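K.L.:
What follows is a predicted protein model with its sequence.
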Amino acid sequence: MKIRNITQIDRGVCAHVCPLCGEIHASAPEPDMMPEFSICRCDMMPGGEPRFLLEKSKDNAGWWVLSDRLNLVVIRFKERQFNETQRVSFLSDEMERHPDIRGIPRVLREMADWLVIRHRSVATNEPHGMEIDDDGRTVVYRGKFPRWRLTVEDGGASAGQIGSSMAKAAAFLRSLEGRRRMDGGSGGDF
Ligand SMILES: [Zn+2]
């Protein structure tokens, strides 16, 4: 997983902390001194291929298929209803007779953790949420009308800084609406 978000882990210490496994990959006294990104291999196969795969179901419209290619486990779920609809199956008969059956809850938890960190908008039906894209950037989204997605380019921005900048963007959008009304509906270019 690519990590661009900078976390303040202590006074004068900021770091790239993997949101999935918690490992620290780079640290510096100031955000400006941090590398652009770090890569955590916890969601990769031993050969570097992605461990998790999320695809739309080919058989059922509105359903998704989440695969763990390392442990050969598949979870099918209805879009935005992961908790309510998840159905677990195994990609090989061998797995169902796996002697380490106690390991399976951990695998399922890791799959769910990856899903809500990387694809929260597909898993849950919250009106607003945040997820991390393939490039390690934070995406803030709105899941109901009018739906939108906003990609944060600066990894050093905190949720509070993003929020106050969005308040300014909201004021900008409302000013456009006001201007359009003053135009008497003539200017529809906004
Ligand atoms: Zn990790």
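P.N.:
Received, thanks. Numbers count the residues shown, from 1 in each chain.

K.L.:
switch to C-alpha atoms for all contacts and neighbour counts from now on
P.N.:
Fine.

K.L.:
Going by neighbour count, list what's buried in the helix or strand hosting A167.
P.N.:
A167 is located in helix 159-182, with elements delineated by DSSP states H and E. Residues of helix 159-182 classed as buried by neighbour count (16 or more other Cα atoms under 10 Å): R180.

K.L.:
same deal with stretch 127-136?
P.N.:
Using 16+ other Cα under 10 Å, the residues of stretch 127-136 that count as buried are 128-133, 136.

K.L.:
Make a markdown table out of the residues you listed and add secondary structure and pLDDT.
P.N.:
Converted to a markdown table, the buried residues of stretch 127-136 look like this (DSSP: H, G, I helix; E, B strand; the rest coil; pLDDT from 0 to 100):
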| residue | secondary structure | pLDDT |
| --- | --- | --- |
| H128 | strand | 96 |
| G129 | strand | 96 |
| M130 | strand | 96 |
| E131 | strand | 97 |
| I132 | strand | 97 |
| D133 | coil | 97 |
| G136 | coil | 96 |
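
K.L.:
quick one: least confident helix or strand in the chain?
P.N.:
Lowest on mean pLDDT, DSSP states H and E among the helices and strands of the chain sits helix 93-96, with a mean of 63.

K.L.:
after that helix, next one along is what?
P.N.:
The next secondary structure element downstream of helix 93-96 (using DSSP H and E) turns out to be helix 103-118.
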